[in-house]
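Visitor: Sequence first, predicted coordinates after that:
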Amino acid sequence: MRRAAGLALALLLALPGAARAEAACAPDRLDLRWQGGSESFAVEVADDDAERARGLMFRESMDAGAGMLFVYDSPRRARFWMKNTLIPLDMIFADATGAVTRVHSNAIPGDLTPIDGGEGVAYVLEINGGLAERLGITPGAQLRHPAIPAGSAAWPCDR
């Protein structure tokens, strides 16, 4: 087992820089960078109507380094609410390039008030409430994930 892990690490280190960065992109991870910081989250991807409708409803907790990435087929006005959501969430709205356009902090569990992400939203990352502010995530930050097409991404997986 240890030898296999060592071999895998040696192979990864032997890859050119771009290939290593691409290898770092995985469907279950989302990288986020902003002036002064970066973070990586283990994500569940909600990329169809049923998954997006359920979101993080009925969850009693979520690991600190986890989140849910909502992926839309095309940019749109995105509105969320907290119906049946038991934990406070931060919602990070991003455009088709993965650039963060809006951050809504500490959405209140169970609140039916619409949370408007604005026009042109293609991706929404939900993380634990208060985390975006603690980390310093603001509009202008960039998401990196395989769902964001490399040709138009502000921070593509191949870099």
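Guide: Yes, it's here.
Visitor: The residue nearest the centre of the chain pairs with what?
Guide: With distances taken as Cα atoms, centre = their mean, residue 125 lies nearest the centre of the chain, 3.9 Å away. Beta-bridge partners for residue 125, by DSSP bridges, are residue 69, residue 92.
Visitor: residues in contact with it?
Guide: Residue 125 is in contact with 30, 32, 41, 43, 67, 68, 69, 70, 91, 92, 94, 143, counting by Cβ atoms under 8 Å, 6 or more residues apart in numbering. Where C-beta positions appear, they are placed from N, C-alpha and C, glycine not excepted.
Visitor: So how do I select the buried members of those residues in PyMOL?
Guide: Of the contacts of residue 125, the buried ones can be selected in PyMOL as follows, counting by 16 or more other Cβ atoms under 10 Å:
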select buried, resi 30+32+41+43+67+68+69+70+91+92+94+143
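Visitor: so can I have TSV of the contacts of residue 125 showing pLDDT and distance to residue 157?
Guide: Shown next, in TSV, are the contacts of residue 125 (pLDDT from 0 to 100; distance: Cβ to Cβ, whole Å):
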residue	pLDDT	distance to residue 157
30	98	11
32	98	13
41	98	15
43	98	14
67	98	18
68	98	19
69	98	14
70	98	19
91	98	23
92	98	18
94	98	15
143	98	11
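Visitor: At which residues are the helices of the chain located?
Guide: Ranges of helices within the chain are 2-14, 17-24, 49-54, 131-135, based on DSSP state H.
Visitor: Which one of the ones you listed has the poorest average confidence?
Guide: Lowest mean pLDDT of the helices of the chain: helix 2-14, a mean of 38.
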